Structure formats: C-alpha cells, structure tokens
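Q: Return a 3D structure for these sequence lines:
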Amino acid sequence: MRRWVYLGCALLVFAVQAGQLPLTVNEIGLMLRSGYSSNSLMQELSTRHFADTVDEAKEKTLVKAGASAELIAALKSGIYSLSPEKAAAVQEQIAVAEQRRIEQAEATLKSDAQYQARVARERTSKSAKPDIGAGSDAISDTALANKKLIAFYFSAHWCAPCRKFTPQLVDYYNRVAAQHPEFEIVFYSFDKSPFAFETYIREANMPWPAIDYAKLKGKEVIAKNAGDGIPSLVLVDSAGNVISSSHSGSQNFGPQKVLADLDAIFAGKAPARVASAQ
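A: Down below sits the predicted model:
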C-alpha cells in the first residue's frame, strides 16, 4: 500500500494507507453522512488526528451531518488536533497531493476517451436516459436505449461501505445483465476529484456506464434521490418513475433491498406500477 510521507523533519509521519490523512471538518461531515457513527469517528481521530478548526459555521455543518455533542466537544477541545506547525505542514502536503492528483487526472482522462468509446460501442442505442423523479432533466446517453429498468448507483471511492458493497453489485450485474438486456446501472459519483472517480471505476471493474464527472454539477437534481447516505441505489422505470430505492441511512440498508426487488421483478413478481416494464 502506498504511504504518505509528510514534509519537514519535525512533521509527524502517519504510517497509514493512502487517503488516511488527518481529518478535516469537511471529511468528517462526509463520513457521517455515509454511515459512520460519532463514536467510530472518534476512534479514527485517535489515530489520524484532526488538522482543522471548528468555528461556528463548521460546527453547524457537523451538527447538520449528524455529529454528536461529544464528538463536537472533542474536536473543539483540541485533544485530537495536531500542533499548529504540523497542521500547517499537513495542509501543505494536502495541497501538493491535490495538485498531483489533478495532474494525474488530466493524464488519465486522455486515455479514458478510449474506454468511453468502447462502452458506447458495446451499448449502442438511440434514445435517452429517463428522468429520475418528477421535474428532473433527462440525461441524453445512447447507452440507455430501450432500457426499461435503470438503477442509479450513488457511490464514492472515499466511502468504505461503498467499496465493500460495489464488488457485490458488480457480481450481481455480471450475473443478470446478459439475461436482462432491458436492465442497466448508471454510476453517479460522489467523489471529490476526477482522479478518484476514474480510479474507483477501474479498481472496481465497473461494467456499467457512468455520468461524466465534468457534467455532474449539471445533473445534481438526480442526486436528491440518493437519500441521506451512500451507497445508494435508486431504481426507475423507462418513464422515470421511482420503483425502488434505499441507501445506507435507511433501516433496511438499501442496496441489498433494491437488488431483492429487482430479483422479484425478473422472476415475474413485479409490483403493478412496473408491470408495463415486463
């Protein structure tokens, strides 16, 4: 596994996996929304530390994300904080790493054109993606012609529960896709950079199409259906009506529920509202 080596002789070296930098308020908020509890985050902070400060605005962000009073108090107390010198060095390293990721992403995107062309050839079609719920803008994509059942997969490389579930979804897709050409999955990324987006697709061997990372901001209306946490699956019919949806914040830990509903549909036990899709 790659390891981050921080700048400066006085800087603490964190012998952790790639991506395990000291946490910031933004990252803590994302982790809370993806299903981490405040207690599990305090365990993370005990090893990864905290390279940020908590002002009034950031405290509101944490509360909105579901942080407990105990977690917020711990962050404000400084017990997990790095020294100002180390925090500054970490921020510098984060900036350097982000610039490196941007440069790598630019190189990756050049080769990605061939990958996207192959996907388009394999899934040649003429129509457009359906809306996902009322009021959404349709997303034009030839990969979804004649598809009657489309599952939007909301996920991200930084999300540990997502990386655990994605291989299961890949296996499911590879098992049913050939037998059910009317079905497709579309990946909607919650990643924070094009490089993370591309890395996730390749590492997970995702066999389905994805919304172009550069166009995600124009498609944010779709993400409102993702629920309160990822991983999340939202199944729609050819008219854009939501048939089944669930996410990591729901009581019945969503992705598996939607797959069970799909199995019922494929077995001819579809709800009345999707009978026309059979």
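
Q: pLDDT below threshold where in the stretch 151-278 of the chain?
A: Within the stretch 151-278 of the chain, the set of residues satisfying pLDDT under 70 comprises 218, 220-221, 247-254, 270-278.

Q: let's see it at 80
A: 217-228, 238-240, 245-255, 269-278 (pLDDT under 80).

Q: can you pull out the strands in it?
A: Under the criterion DSSP state E, counting those that start in this stretch, strands of the stretch 151-278 of the chain are mapped to 183-189, 232-237, 242-247.

Q: Can you spell out which helices and strands pack onto the last one?
A: The elements that strand 242-247 packs onto, with contact taken as 3 or more CB pairs under 8 Å, 6 or more residues apart in numbering; DSSP states H and E, are strand 232-237, helix 254-266. No exception for glycine: its C-beta is placed from N, CA and C like everyone else's.

Q: out of these, deepest packed?
A: Mean neighbours per residue, mean count of other CB atoms under 10 Å, is largest over the helices and strands packed on strand 242-247 for strand 232-237, with a mean of 25.

Q: pull the CA atoms of it into PDB?
A: Extracted in PDB, the C-alpha atoms of strand 232-237 (Å, rounded to 0.1, in the frame of the first residue of the first chain):
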ATOM      1  CA  SER A 232     -27.500   4.200  -2.500                       C
ATOM      2  CA  LEU A 233     -29.400   2.600  -5.300                       C
ATOM      3  CA  VAL A 234     -32.500   4.200  -7.000                       C
ATOM      4  CA  LEU A 235     -34.400   2.000  -9.500                       C
ATOM      5  CA  VAL A 236     -36.500   3.800 -12.100                       C
ATOM      6  CA  ASP A 237     -38.700   2.600 -15.000                       C
END
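
Q: The strands of the stretch 151-278 of the chain: which one's closest to Asn39?
A: Shortest distance between Asn39 and the strands of the stretch 151-278 of the chain, using CB to CB, is found for strand 242-247: 21.1 Å.
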